[in-house]
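Colleague: Structure, please.
(chains A and B)
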Protein chains: 2
Amino acid sequence: MARIVMKFGGTSVGDCDRIKNVARRVKAEVDRGNEVAVVVSAMSGVTNQLVDYCKQIAPLHDAREYDTVVSTGEQVTIGLLSMALQELGVQARSWMGWQVPILTDGAHGKARIETIETGELERRMSGGQVAVVAGFQGLGPDNRVTTLGRGGSDTSAVALAAALKADRCDIYTDVDGVYTTDPRIVAKARKLDKITYEEMLELASLGAKVLQTRSVEMAMKHRVRVQVLSSFVDVPGTLVCDEEEIVEKELVSGIAYSRDEAKITLVRVADRPGVAAAIFGPLADANVNVDMIVQNVSEDGKHTDLTFTVGKADLDRATKVLSEKQASLGYERLVPDSNVVKISVIGVGMRSHAGVAQKMFSTLAEKAINIQVITTSEIKVSVLVAEEYTELALRALHSAYGLDA
Amino acid sequence: MARIVMKFGGTSVGDCDRIKNVARRVKAEVDRGNEVAVVVSAMSGVTNQLVDYCKQIAPLHDAREYDTVVSTGEQVTIGLLSMALQELGVQARSWMGWQVPILTDGAHGKARIETIETGELERRMSGGQVAVVAGFQGLGPDNRVTTLGRGGSDTSAVALAAALKADRCDIYTDVDGVYTTDPRIVAKARKLDKITYEEMLELASLGAKVLQTRSVEMAMKHRVRVQVLSSFVDVPGTLVCDEEEIVEKELVSGIAYSRDEAKITLVRVADRPGVAAAIFGPLADANVNVDMIVQNVSEDGKHTDLTFTVGKADLDRATKVLSEKQASLGYERLVPDSNVVKISVIGVGMRSHAGVAQKMFSTLAEKAINIQVITTSEIKVSVLVAEEYTELALRALHSAYGLDA
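Modeller: You can find the predicted model right below:
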């Protein structure tokens, strides 16, 4: 007997028929003799509708009232799924965040889970009752409903699995696992059987929208084994787990890309102490997140070129902030460029193997793709190239690292 | 300074613009220096949608899960209205049933309010904060959400007004008050300034759909002054209050009608002890509510005719139940008739004045309207006539009792 947390997202519970389908999935797990808790999102479209109401009423609204409104979506789903399970003869009951309780901090709209009191839940689960828990919500210190921010149901599921010391947290979604790269671009992309937390974290933060970044962080911290699988197709998914569990480690596990970046170059910035702080301070104040940064070696000892990337949505704002400060910053020219893509090669294997970055550079060079910016981390190499090379670069790298199916 | 409970139904909060309109209404009450609690229903159509989901999932569903699902409608409205009030500069916060708490019994789907702990609510209201409370819901002894049954928000409002010892409970609706009769039928119908609890109770249970019967019972029990008024037009409504408060009592306050009745006549029933029990027992078992009953004097000492009314929706079921028992009941013939209307004249004045019933009979006789069944109570006379006379009878009686505008 195992203890399993199953999580179903909005499209998996999009209408009553799909909710019945989810109930059959849960029943199958119960029939295998497992203790099951289920975490669900709102039916697809519902949360957007509720958020839209809030915006219509007041553009700047009280986050506590926002949480009261938007948390209702999950409440509807837990009730309906519990009914559907009972209809199949499975004992089940719904749990709202305040009923469990799932205690969070008071940051309404983006709360963080602090503790989950699982006593009553465990007592009932061991009695054969499926616990159907509302994702995305909790109870704040003010005795009011909090929400965890968009995509928070993944985090709810992983946190619940950690608190219940579950053997596994199965995240059912509309894809059937984690792929070596985007299969819509690279036909030879393979589904991974296993991937480490660290790699998944890089993939998630690089735009592979399979799991919410925070949920992966939490899974890594509490060593929760997370499986990503399809709620529509009955095939094994991808297990996100500890490095120890992966016997045959790949040098590179996946190749991610992000088109959400834009590049800014400041030409002939004064090369003196404090200039980086003078540039990035105002950007941080304007809530612009800066990702890759490259500063050239100064040729004349007085000036240098500075290149960095920001979110594409922030490009105009960043340009405006820096243009207003051109005199004080003393740069010659600002060159914005939104036709870029960030391509990243990810793998825990590169910790122990040299040459991974070199293979990336040579592969891109062979295809005559110019690299504009490079950054690296312990398990990742990222490069910025012109956007038009996205598909070419992905396919070439996928082959070069031996990932083709 | 007065303490007021304001209640707004589903059409009054039907979309975001209407919710903003409600906020302006509430602000006006606050600006008069009053302490205000607001009780709201779900946006119109929402509860029906939620009920429909429940039916799609399982025709016979767990009432506790049903309550979890359908109570979300009011939760959305309290959040949105609180935001709308804040947007107008009015301090406000939302309260779900479990937060107040509004404690009910455990009869999920049709719970009864037991106590409302108003301590925190009153503390905040006296600090100038408007309490926006979800109608229709409470917290059961099992720590789960309960609902009060359809139309329960009126009951929530009156119960809250009683608990808060409010000076008045204003029920905002899509009509502007209680009329002497249905103005769609009788053009000369007048809006009443005041009406007693007893009269309102008769009107409500006779089908005037202005207030839910249970809320009137509760108002009467706790002597809560209830005002019915329009949420769209800014004119005084009708005050439902104690008889003492009404200086000029009318002999008759209103004339109600109900087309929801059907008549059954059992011809030549054996006239012996126990026969009524033998007839009405099986009907009660089949959940058929019997209203008016008339038994003729037996002519031959052996047989009699028995006439009674049931809800029109129950006519087929009642006919079936009795037909199956024709042999044991020993009646000759069953005559069903759904072309009837029940017309009732209501007024506390008739307690002290004779002749009210007589005026009804003579007025109908003048118009050659045959009375089929008569029942009376302390403050009401009801007659059953052929449905085609509805309009004629209502207009004639309205004039005869001097109610015309």
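
Colleague: For the rest of this, base every contact and every neighbour count on C-alpha atoms.
Modeller: OK.

Colleague: For residue A:206, give me the pLDDT.
Modeller: Residue A:206 carries a pLDDT score of 68 in this model.

Colleague: how about the helices in the stretch 151-300 of chain A?
Modeller: With DSSP state H, counting those that start in this stretch as the criterion, the stretch 151-300 of chain A has helices at A:152-163, A:197-205, A:213-222, A:275-285.

Colleague: For chain B, which of those is the nearest?
Modeller: With Cα to the nearest Cα, the closest approach to chain B among the helices of the stretch 151-300 of chain A belongs to helix A:152-163: 18.4 Å.

Colleague: what angle sits between that closest one and helix A:213-222?
Modeller: Using axes from the mean of the first three to the mean of the last three Cα atoms, to 10 degrees, the inter-axis angle of helix A:152-163 relative to helix A:213-222 is 10 degrees.

Colleague: What's the end-to-end length of stretch A:379-391?
Modeller: 23 Å (Cα to Cα, to the nearest Å).

Colleague: who's in contact with it?
Modeller: Under the contact criterion Cα atoms under 8 Å, 6 or more residues apart in numbering or on different chains, stretch A:379-391 has outside partners A:185-186, A:198-199, A:202, A:257, A:259, A:339-351, A:357, A:369-376.

Colleague: Could you tell me which of those count as buried?
Modeller: Neighbour counting by 16 or more other Cα atoms under 10 Å in any protein chain shown classes A:186, A:198-199, A:202, A:257, A:259, A:340-350, A:357, A:369, A:373-374 among those as buried.

Colleague: Next, the contact list for the residue of the stretch 301-405 of chain A found nearest chain B, please.
Modeller: Chain B sits closest to residue A:317 of the stretch 301-405 of chain A, with a gap of 27.9 Å, by Cα to the nearest Cα. Going by Cα under 8 Å, 6+ apart, residue A:317 touches A:286, A:288.

Colleague: distance of residue A:211 from chain B?
Modeller: Separation of residue A:211 from chain B (Cα to the nearest Cα, to the nearest Å): 27 Å.

Colleague: need the contact list for the residue nearest to that residue when sequence neighbours are not counted.
Modeller: The shortest distance from residue A:211 to any non-neighbouring residue, by Cα to Cα, 6 or more residues apart in numbering or on different chains, is to residue A:204 (6.2 Å). Neighbouring residues of residue A:204 by Cα under 8 Å, 6+ apart: A:210, A:211, A:212, A:213, A:216.

Colleague: By neighbour count, which of the residues you listed wins?
Modeller: Counting neighbours by other Cα atoms under 10 Å in any protein chain shown, residue A:216 comes out on top of these with 26 neighbours.

Colleague: Within its local environment, how many residues does the closest residue to that one other than its chain neighbours see?
Modeller: Spatially, and ignoring its direct neighbours in sequence, residue A:216 is nearest to residue A:201 (5.9 Å; Cα to Cα, 6+ apart). Residue A:201 is flanked by 22 other residues according to other Cα under 10 Å.

Colleague: correct me, but residue A:201 touches residue A:213?
Modeller: Yes: here residue A:201 reaches residue A:213: they are 6.1 Å apart, a contact under Cα atoms under 8 Å.

Colleague: a helix runs through the residue of the stretch 301-405 of chain A closest to chain B, doesn't it?
Modeller: Yes: counting by DSSP: H, G, I helix; E, B strand; the rest coil, residue A:317 is found in a helix.

Colleague: Distance check, it against residue A:259.
Modeller: Applying Cα to Cα, the value for residue A:317 to residue A:259 is 18 Å.
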